[in-house]
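Asker: Fold the following for me, if possible:
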Amino acid sequence: QFDTETSGRDPHCCKILCAQFGNKNADTQIVVDTSTTDILHYKNLLETKLLIGHNLKFDIQFLYNHSIIPTQVWDTMIIEQLLHLGFDNKFFHYSLKDVAERRLKIDIDKTTRGEIIWRGLDDKVVLYAAGDVMYLEDIRDLQIQDCKQRTCFKAAQIENAFVPVIAYLEWCGIRLDVNKW
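Answerer: Sure thing, here's the model as predicted:
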């Protein structure tokens, strides 16, 4: 399970403040302060293991700044959207908080998220960050069951394989000739 907290939304101007790792079987969440520990220490792990995350496209773009290229991902947000294709969006929302409430009946408190930039990595932020990687495997396991039941597991695999690709395309941007356009 993987997530980041960043100093903003733009991976070209903003920094990773911390990286969070979780392991359901070990009931472990680790929050790494990337201002004191180089994210490159985790390069091999991030490039060779399955990363389970929510909206990984965002996090992966920040990893590209450090030449870290994840290729195996399960994005719980993308798969939740796949499973609700055709449903009215006013009934289904796809934030981690919404998905955890819908799937696990768990309320993830997100109030600290907007405070991270000015709070720094104090105890409250570390606990918040660890909470973001606590339930991702449980959500993924339920999604896999639903995908298999609805015969869309192959589609889920394709969607997940595309997450690093679209992250890279967004990170690189495109050359747009305004005059020709």
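
Asker: For residue 152, give me the pLDDT.
Answerer: The model reports residue 152 with a pLDDT of 97.

Asker: Poorly predicted segments of this structure, please.
Answerer: Of all residues in the chain, none has pLDDT under 70.

Asker: Determine the number of other residues adjacent to residue 88.
Answerer: If you count neighbours by other CB atoms under 10 Å, residue 88 ends up with 7. The C-beta positions use only the backbone N, C-alpha and C, and glycine is treated the same way.

Asker: From residue 41, how far out is it?
Answerer: Counting by CB to CB, to the nearest Å, the gap from residue 88 to residue 41 is 45 Å.

Asker: can you point me to the longest strand in the protein?
Answerer: If you go by DSSP state E, the chain has its longest strand at strand 16-23.

Asker: neighbouring strands for it, and are they parallel or not?
Answerer: For strand 16-23, the paired strands and their directions (DSSP bridges) read strand 2-6 (antiparallel), strand 28-33 (antiparallel).

Asker: So which of the ones you listed is the most surrounded?
Answerer: Counting by mean count of other CB atoms under 10 Å, strand 2-6 has the highest mean neighbour count of these, with a mean of 23.

Asker: what residues does that strand touch?
Answerer: With contact meaning CB atoms under 8 Å, 6 or more residues apart in numbering, strand 2-6 is reached by 14-22, 46, 51-54, 56, 58-59, 62, 113, 116, 125, 129, 132-133, 136.
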